[in-house]
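[1] structure of the sequence below:
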Amino acid sequence: MRITDGNTHAGPSGQGEGFDLDSIVVLNGRPVAPIAPDADGDGLSDAEEEVLYGSDPDLADSDGDGTDDGREVAGCRDPGSFGTAPWHHMEPRLWLVRSGPCHEVRWSFLGTNVTYDLVRGELGLVAESPGSVDLGPVECLASGTTSLRFSCDDDTPPAGEVRFFLVRVASASSYGRSSALDERTASPDCP
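    This is a model prediction of the structure:
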């Protein structure tokens with residue numbers, strides 16, 4: 001579902017500019033069977049429960065409300081809280097849009113009064129170790145901004161070099177997690 005508001009500068013530009021509300025799509029969804037171990041059979045891997053959601057990997061219904069943790073996450077509810085208030089894992093999504101000589105970086109809205117940090121780094125300097133991903137030296141493009149975009153990055157990488165952009169909620173200690181659920185950190189970081 002898309003709610004259109006041409007003044008947000010979020011999402012693809014043009015007639016369809018606005019917010020994508022992916023969470024509405026899953027309100028009646030079912031969790032997909034995990035590839036990783038799922039000791040309680042609730043549809044969330046043990047690692048996802050421990051690292052992302054804070055629920056108990058040995059209890060299918062961590063909060064005891066009668067709905068298993070996987071269905072609660074699929075229904076945008078907190079699996080660790082007895083209640084039906086809307087909830088989602090707060091991690092912004094990122095888009096890179098070419099705008100003339102610049103790259104415009106945009107990210108998803110996570111709530112009123114939320115501030116964001118945006119960094120750019122070189123892919124060749126990323127180093128993985130057990131349990132973490134070191135992004136290497138990064139350049140802080142925006143620190144503590146309430147904007148949902150960085151309007152112009154005109155620094156083109158040299159041939160053969162690949163750059164990445166990551167955004168986070170400014171109060172977070174990391175830039176999300178890798179597909180193996182390892183925390184991504186940077187040093188130096190945004191202030």
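
[2] which SS class is the residue nearest to the spatial centre of the chain?
    The residue at the geometric middle of the chain, judged as the C-alpha nearest the mean C-alpha position with Cα atoms, centre = their mean, is residue 91 (2.8 Å). Here residue 91 is coil, with the state taken from DSSP: H, G, I helix; E, B strand; the rest coil.

[3] skipping adjacent residues, who's closest to it in space?
    The shortest distance from residue 91 to any residue other than its chain neighbours is 5.2 Å, reached at residue 176 (Cβ to Cβ, 6 or more residues apart in numbering). From N, CA and C alone the C-beta is placed, and that goes for glycine too.

[4] distance of the one you found from residue 185?
    Using Cβ to Cβ, to the nearest Å, one gets 10 Å for the distance from residue 176 to residue 185.

[5] the two: which has the busier surroundings?
    Neighbour comparison, residue 176 and residue 185: the larger count goes to residue 176, with 17 against 14 (by other Cβ atoms under 10 Å).

[6] for the closest residue to residue 46 other than its chain neighbours, give its distance to residue 69.
    Taking Cβ to Cβ, 6+ apart as the measure, residue 46 lies nearest to residue 57, with 3.8 Å between them; neighbours along the chain are not counted. In this view, residue 57 and residue 69 are 9 Å apart by Cβ to Cβ.

[7] and the two? which has more neighbours close in?
    Set side by side, residue 57 and residue 69 show more neighbours around residue 69, with 28 against 20, by other Cβ under 10 Å.

[8] show the pLDDT at the more buried one.
    For residue 69, the pLDDT comes out at 90.

[9] wait, it touches residue 41, no?
    No. With contact defined as Cβ atoms under 8 Å, residue 69 does not count as touching residue 41 (10.1 Å).

[10] buried residues in stretch 158-175?
    Buried residues in stretch 158-175, counting neighbours by 16 or more other Cβ atoms under 10 Å, are found at 163, 164, 165, 166, 167, 168, 170, 174, 175.

[11] any weak-confidence spans in this structure?
    Where the chain drops to pLDDT under 70, the residues are 1-35.

[12] quick one, helices of it?
    22-25, 46-48, 69-74 (DSSP state H).

[13] please, where are all the strands along this structure?
    2-4, 18-20, 94-99, 102-107, 116-122, 127-129, 132-134, 138-145, 149-153, 163-169, 183-185 (DSSP state E).

[14] for this protein, identify the residue most remote from the centre.
    Summary for the chain: using Cα atoms, centre = their mean, the residue whose C-alpha lies farthest from the chain's mean C-alpha position is residue 159, with a distance of 29.1 Å.
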